[in-house]
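Asker: Any chance you can model this:
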Amino acid sequence: MKTLYEYATEVMTTSIEHYLKVANLSSGFQVFNLDLLQDFDTREMVLAGKSLDVQDFTAEDCLKELERVSSISFDVEKGVSFYVYKHTRTYIQTLIQTATELSNNFSSIEPIVIKEHSYLLPIWQAALSIGSKANLKTIFGSASDRLISKPSAEKISEYANNYFTTHTVSAVQVTERVERTLEGIIRDLVGRLLLESVVKNALDKANVPYLTEAEYSGIDGVVYKIRADFVIPNAENPLAFIEVRKSSSRHASLYAKDKMFSAINWKGKHPEMLGIIVTEGEWTNESLVTMAKVFDYVVPLANSEMLANNIKLYLDGDKSILKWIINFSIQRNTLPIS
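Answerer: Numbering: from 1, shown residues only. Next comes the predicted model:
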């Protein structure tokens, strides 16, 4: 069976593909019609993205509800994540049922069973009320949901069997605890897959050539060579870079400083290079204003298509798109020594 992370990744990929399809058919979730809303998953995605209660509406009722709240913007993360939560929670119940059967209703478990069913590690973690992966590693050593060594399996088995003698474990408790793990997985997938997929789709629609982070080794800078989420058109002749970042207000200042130095590092080396950051989440206005003094574009994820069209204009020769030229260099001291 798949690990919880693997399953959630597959479902997230499916949900993203559906989101992109619906976004194209609805002019970016602005215009809906009965034909589009005939699909059950589309109705749920749109309602969730509009922060509405997801009910079993007909297409007609769903359209009326959307017309009622037309001023509410569609939240990409909520809309796409709803499908992932829904289906992955069902898979979690399958994992819990398997663990229940293998452990005789959470009463005993053999090391070999733990080793051969490593994908159940998040379930054992929840059943044993171990709060984090760090604590899990401290107690059992090297163990993951992809591979559990024999010594780790023996430690888990001994710990579990002792725990089961003094604690009653219920599927309800395990479900509640695994939910926290699921939330962390989906947060990770939103940052790793969802946001960049939206930008990638916009670049494709505008016929902008690019390389993703996994497709090149880095962009040369004044200080160091590192990778951006996207480089356009390539790392050898970079004319633009895009960073995609979700932030909370708590971390906005830290993320802004980190991304601004990367921008200065690259734009100092390549003066005519567009610096772009695509934002999502609760960035503070102060952080956005500060980044706008370094980046040529600071835009929300919802404006990805507008951004892609402007990048295409720049590639076609419109130099007015470039806002900032950064003069930044590091040179050896050649001053005479007195």
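Asker: Which stretches in the stretch 51-200 of the chain count as helices?
Answerer: 59-68, 76-102, 111-116, 121-127, 133-140, 150-166, 171-189, 195-205 (DSSP state H, counting those that start in this stretch).
Asker: for the protein, what helix or strand is lowest in average pLDDT?
Answerer: Taking mean pLDDT, DSSP states H and E as the measure, the helices and strands of the chain show their lowest mean at helix 133-140, namely a mean of 88.
Asker: Walk me through the domains of the chain.
Answerer: With domains defined by automatic domain parsing, the chain comprises 4-166, 206-321.
Asker: closest one to Val199 among the ones you listed?
Answerer: domain 206-321 (5.1 Å; Cβ to Cβ). Where you see a C-beta, it was placed from the backbone N, CA and C, and this is true even at glycine.
Asker: From the chain's centroid, how far away is that closest one?
Answerer: Relative to the centre of its chain, domain 206-321 is centred 18 Å away, using Cα atoms, centre = their mean, to the nearest Å.
Asker: In the stretch 151-300 of the chain, where is pLDDT below threshold?
Answerer: Residues of the stretch 151-300 of the chain meeting the criterion pLDDT under 70: none.
Asker: who's in contact with Ile156?
Answerer: Ile156 makes contact with 109, 111, 114, 124, 140, 143, 148, according to Cβ atoms under 8 Å, 6 or more residues apart in numbering.
Asker: before we move on, back to that, what about the domains of the chain, which gets the closest to Thr175?
Answerer: Nearest to Thr175, of those and by Cβ to Cβ, is domain 4-166 at 6.5 Å.
Asker: What is the end-to-end distance of the closest one?
Answerer: The separation between the terminal residues of domain 4-166, taken as Cα to Cα, to the nearest Å, is 28 Å.
Asker: now swap in stretch 166-177 and tell me
Answerer: By Cα to Cα, the extent of stretch 166-177 from end to end equals 19 Å.
Asker: hmm, who's touching stretch 205-224?
Answerer: Here stretch 205-224 has contacts from 196, 200, 203, 225-235, 238, 241-242, 262, 264-266, 268-270, 305, 308-309, 311-312, 315, 328-330, using Cβ under 8 Å, 6+ apart.
Asker: Which among these count as buried?
Answerer: Buried members of the contacts of stretch 205-224, scored by 16 or more other Cβ atoms under 10 Å, are 196, 200, 203, 227-232, 235, 238, 241-242, 262, 264-266, 268-270, 305, 308, 311-312, 315.
Asker: Take these and keep only those in helices.
Answerer: For the buried ones among the contacts of stretch 205-224, the ones inside helices are 196, 200, 203, 262, 264-266, 268-269, 305, 308, 311-312, 315, with DSSP state H as the criterion.
Asker: circling back: where neighbours are concerned, which of the contacts of Ile156 has the most?
Answerer: Highest neighbour count within these: Trp124, with 28 neighbours (other Cβ atoms under 10 Å).
Asker: could I get the helices of the stretch 51-200 of the chain as a markdown table with distance to Ser217?
Answerer: What follows is the helices of the stretch 51-200 of the chain, written out as a markdown table (distance: least, Cβ to Cβ, whole Å):
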| stretch | distance to Ser217 |
| --- | --- |
| helix 59-68 | 46 |
| helix 76-102 | 30 |
| helix 111-116 | 38 |
| helix 121-127 | 34 |
| helix 133-140 | 30 |
| helix 150-166 | 35 |
| helix 171-189 | 24 |
| helix 195-205 | 18 |
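Asker: out of the ones you listed, deepest packed?
Answerer: helix 121-127 (a mean of 25; mean count of other Cβ atoms under 10 Å).
Asker: Show me what that one packs onto, helices and strands only.
Answerer: Here helix 121-127 touches helix 76-102, helix 133-140, helix 150-166, helix 171-189, going by 3 or more Cβ pairs under 8 Å, 6 or more residues apart in numbering; DSSP states H and E.
Asker: Not counting its own residues, what contacts that helix?
Answerer: 4, 95-96, 98-99, 103, 106, 109, 114, 133, 136, 143-145, 148, 156, 160, 169, 173-174, 177-178, 181.
Asker: Tell me the spacing between Leu239 and Lys267.
Answerer: Counting by Cβ to Cβ, to the nearest Å, the gap from Leu239 to Lys267 is 11 Å.
Asker: Need the residues touching each of these two.
Answerer: Joint contacts of Leu239 and Lys267 (Cβ under 8 Å, 6+ apart) are Met273.
Asker: quick one: which of these two has more around it?
Answerer: Per other Cβ under 10 Å, whichever of Leu239 and Lys267 has more neighbours is Lys267, with 26 against 17.
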